[in-house]
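Colleague: got a sequence here, can you build the structure:
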Amino acid sequence: MTQTFSTRTICCKLLFDEASAAAIRATAEAFNAAATYCASVAWEERITNKNKLHHVVYGPTRSEYGLGAQLACCARDKAAEAVRAARANGSDTCPTFKPNSSMRYDARTYRLMSMDRVSLNTITGRVMGQLVLGEYQRRHLYDTSWKIGGAELVQRDGQFYLHITQTKVNPDPDEPTGFLGVDLGIVNLATDSDGETFSGEQVKQVRERWFKHRRRLQKTNTRRARWRLRQRARKEQRVQKDVNHRISKKLVTKAKMERKALALEELTHIRTRTDNGWRRSQRRLRTSWAFRQLRTFIGYKAAQAGVLVMTVDPRNTSRTCAVCGYGDKQNRKTQSHFCCRSCGHTAAADTNAAVTSAYRAGCQPAYGAAPLSSGGASTSPGASALGS
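Modeller: Next up is the predicted model:
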């Protein structure tokens, strides 16, 4: 079996003296100018291969921007990856990088040292910085079971942060004895087939409260109001991220303890598939639904725990009976209640959808079972999942 790797990033605050900070800022400006140049060459000549791009831009990058050999290669890699991503997303604009954008370091251009110090390469030579580590950073950074890789130096609000990456070989997934279905939604962020529900009410209240507060400050538009807006930036995102981390951890832990695989709905492009002219009051709620982040968290936590993850078609999962397989739009009279018009089975709609997802995962060809039948309802893929 092919080995797979998990990657995690440890964000550490970094302190410099004035001279070192000036050298870092000058290096970041030259690095991002070089990356912008490399991206423009790759875009115009339609090059996405790093090795091919290297022969075109390496000389000019070193002579015109004063970067060392390894920093020039890092700038080239950053540009090539950005151009490849832009092409894949169908963008018609060449990527560019601001002078204070992140700067990439590899194993040859930075080094972790004793006493929580770090040595970094700049255009004027090596500088020394001091890592400010909390208990979380220290525990993870010095975990010898993870291999330390490259790093990104980030400038944010006048502070420096070093994002250190670590890699580890994933264990082979356990052979599942069953499936734990998971229904993703807005009212309930996640519901598993055992009936456990993770409500989205907390996230909804936070988003609504901060939206009103943000609108009030933007309308005031004084210097103090703008300062408050900057202070509150990213706090809403951190709340959503924390909630998704806690949900994903509980789901993966449960699946590991029960020796089950996780069955998740495939919700890629769900918004475009179900855009039927939403009311204005619903747009902000639906567009802020962070289902992909939750799916990503579940994926990497499951890989580290050796839990298999499968995806199923979300079509009519909340309208199909988990007992008899009959599907009809009238089965789900309200957002929360499911009642089968064929066999009379009643359940919470999200729990019924999660059980249906688990059944569909077991019916996939790899497990040699027939697919779950569906009745008369016909809706666009994922329509029922949005209403969950």
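Colleague: C-alpha from now on. contacts and neighbour counts both.
Modeller: Fine.
Colleague: what's the domain layout of the protein?
Modeller: Per automatic domain parsing, the domain ranges recorded for the chain read 5-169, 179-200+236-386.
Colleague: pLDDT (mean, whole number) over the first one?
Modeller: Yep, that's domain 5-169 we're talking about. Averaged across domain 5-169, pLDDT comes to 92.
Colleague: measure it end to end?
Modeller: 4 Å (Cα to Cα, to the nearest Å).
Colleague: chain center to it: distance?
Modeller: 20 Å (Cα atoms, centre = their mean, to the nearest Å).
Colleague: so which strand or helix has Lys25?
Modeller: One correction, residue 25 is Arg, not Lys. Per DSSP states H and E: Arg25 is located in helix 18-44.
Colleague: export the very next helix or strand once past that helix to CSV, keeping only CA atoms.
Modeller: Downstream of helix 18-44, the first helix or strand assigned by DSSP H and E is helix 50-65. Extracted in CSV, the C-alpha atoms of helix 50-65 (Å, rounded to 0.1, in the frame of the first residue of the first chain):
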residue,chain,number,x,y,z
LYS,A,50,9.2,24.2,-11.7
ASN,A,51,12.3,22.7,-13.4
LYS,A,52,11.5,24.3,-16.7
LEU,A,53,10.8,27.6,-15.1
HIS,A,54,14.0,27.4,-13.2
HIS,A,55,16.2,27.6,-16.4
VAL,A,56,14.3,30.7,-17.5
VAL,A,57,14.2,32.8,-14.3
TYR,A,58,17.0,31.7,-12.1
GLY,A,59,19.7,34.0,-13.5
PRO,A,60,17.6,37.2,-13.6
THR,A,61,16.1,36.4,-10.1
ARG,A,62,19.6,36.3,-8.5
SER,A,63,21.1,39.2,-10.4
GLU,A,64,18.2,41.7,-10.3
TYR,A,65,16.8,41.0,-6.9
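Colleague: what number of residues lie near the nearest residue to Lys78 once chain neighbours are set aside?
Modeller: Nearest residue to Lys78 in three dimensions, chain neighbours excluded: Ala35, at 6.7 Å (Cα to Cα, 6 or more residues apart in numbering). For Ala35, the neighbour count with other Cα atoms under 10 Å is 29.
Colleague: same check on Lys219?
Modeller: Lys219 is flanked by 10 other residues according to other Cα under 10 Å.
Colleague: quick one, phi psi at it?
Modeller: Backbone torsions of Lys219, given as degrees, to the nearest 10, read phi -70, psi -40.
Colleague: same thing with Cys12?
Modeller: The phi/psi pair for Cys12 (degrees, to the nearest 10) is phi -130, psi 130.
Colleague: how about the helix or strand in which Gly150 is found: buried residues?
Modeller: In this structure, Gly150 sits in strand 147-156 according to DSSP H and E. Using 16 or more other Cα atoms under 10 Å as the test for burial, strand 147-156 gives Ile148, Gly150, Ala151, Glu152, Leu153, Val154, Gln155.
Colleague: and what of stretch 96-116?
Modeller: By 16+ other Cα under 10 Å, the buried positions in stretch 96-116 come out as Thr96, Phe97, Pro99, Asn100, Ser101, Ser102, Met103, Arg104, Tyr105, Thr109, Tyr110, Arg111.
Colleague: farthest-separated two in those?
Modeller: Using Cα to Cα, the buried residues of stretch 96-116 span at most 28.1 Å, a distance reached by Thr96 and Arg111.
Colleague: helices of the chain, start to end?
Modeller: 18-44, 50-65, 69-88, 135-141, 201-220, 223-232, 235-257, 270-273, 280-287, 291-305, 349-362, 383-386 (DSSP state H).
Colleague: wait, which of those is closest to Gly178?
Modeller: Among the helices of the chain, helix 349-362 sits nearest to Gly178 (Cα to Cα), with 7.7 Å.
Colleague: so for that closest one, what's the average pLDDT?
Modeller: pLDDT averaged over helix 349-362 gives 86.
Colleague: for it, packing partners?
Modeller: strand 179-184, strand 188-192, strand 261-265, strand 309-312, strand 337-339 (3 or more Cα pairs under 8 Å, 6 or more residues apart in numbering; DSSP states H and E).
Colleague: which one of those is the most hemmed in?
Modeller: strand 179-184 (a mean of 28; mean count of other Cα atoms under 10 Å).
Colleague: how far is that strand from where the chain is centred?
Modeller: The answer for strand 179-184 is 19 Å, by Cα atoms, centre = their mean.
Colleague: again with stretch 209-217
Modeller: 26 Å.
Colleague: for stretch 176-193, same thing?
Modeller: Using Cα atoms, centre = their mean, the offset of stretch 176-193 from its chain centre is 19 Å.
Colleague: what does it contact?
Modeller: With Cα atoms under 8 Å, 6 or more residues apart in numbering as the test, stretch 176-193 has contacts from 194, 197-201, 247, 251, 255, 259-265, 286, 289, 291, 308, 350-359, 361-362, 385-388.
Colleague: got it, and stretch 225-235?
Modeller: Arg214, Leu217, Gln218.
Colleague: contacts only, for the residue nearest in space to the middle of the chain.
Modeller: By Cα atoms, centre = their mean, the mean C-alpha position of the chain lies nearest to Gln293, the distance being 4.3 Å. The contact partners of Gln293, by Cα under 8 Å, 6+ apart, come to Lys241, Asn244.
Colleague: how near is it to Ile164?
Modeller: For Gln293, the distance to Ile164 equals 21 Å [Cα to Cα].
Colleague: my guess is Tyr105 contacts Gly149. True?
Modeller: No - contact criterion Cα atoms under 8 Å: Tyr105 and Gly149 do not qualify, at 9.3 Å.
Colleague: re earlier: for Leu120, find the nearest of the helices of the chain.
Modeller: Once the helices of the chain are compared by Cα to Cα, helix 18-44 is nearest, at 8.6 Å.
Colleague: packing partners of that closest one?
Modeller: If you count contacts as 3+ Cα pairs under 8 Å, 6+ apart, helix 18-44 packs onto helix 50-65, helix 69-88, strand 103-105, strand 117-122, strand 125-132.
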